[in-house]
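In: this is a predicted model, with the sequence first.
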Amino acid sequence: MPARYIFGTEDDTLEGVIAKLLIERGLKVAVAESCTGGLINHRLTNISGSSHFLDIGIVAYSDNIKIKMLNVKKEVIGNTVR
């Protein structure tokens, strides 16, 4: 398999590799989730020192919250908003 498809070896996790890259580059990430129930935030905050690369994590289930807090356009969500 070409190296471009490999994110790590042995005990490396995807979130661990992402965290290392963010810290090395002095970057931070913000995560907004819905159907994942906060799984991405959970995996990132399980890494020691996650406050160095994670600014905010939001789990928004309600379409109205997605529109009001996350500025998701109503058209993107569909006709489910009442």
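Out: Great, that's in hand. Numbers count the residues shown, from 1 in each chain.
In: quick one: the lowest-mean-pLDDT helix or strand in the chain to chain centroid distance?
Out: Within the chain, no helix or strand scores below helix 74-77, which has a mean of 88 by mean pLDDT, DSSP states H and E. Computed by CA atoms, centre = their mean, to the nearest Å, the chain-centroid distance of helix 74-77 equals 20 Å.
In: skip the chain neighbours and tell me the closest residue to Asn46.
Out: Glu15 (7.5 Å; CB to CB, 6 or more residues apart in numbering). Yep, even glycine has a C-beta here, placed from its N, CA and C like the rest.
In: distance of the one you found relative to Ser50?
Out: Applying CB to CB, to the nearest Å, the value for Glu15 to Ser50 is 9 Å.
In: just give me the residue closest to the centre of this structure.
Out: Among the residues of the chain, the one closest to the centroid is Val31, at 3.7 Å (CA atoms, centre = their mean).
In: where's the residue nearest to Asn46, which helix or strand?
Out: For Glu15, the element it lies in under DSSP states H and E is helix 14-25.
In: check which helices and strands the next helix-or-strand element following that helix sits against.
Out: Later in the chain than helix 14-25, the nearest helix or strand by DSSP H and E is strand 29-33. Other helices and strands packing on strand 29-33, by 3 or more CB pairs under 8 Å, 6 or more residues apart in numbering; DSSP states H and E, are helix 39-45, strand 54-59.
In: Asn71 is nearest to which of the ones you listed?
Out: strand 54-59 (11.9 Å; CB to CB).
In: list of residues touching the closest one?
Out: Strand 54-59 is contacted from outside by 28-34, 36-38, 40-41, 44-45, 69-70, using CB atoms under 8 Å, 6 or more residues apart in numbering.
In: contacting residues around Thr13?
Out: Contacts of Thr13 by CB under 8 Å, 6+ apart are Arg43.
In: go again using 10 Å as the cut-off
Out: Neighbour list for Thr13: 7, 19, 43, 46-47 [criterion: CB atoms under 10 Å, 6 or more residues apart in numbering].
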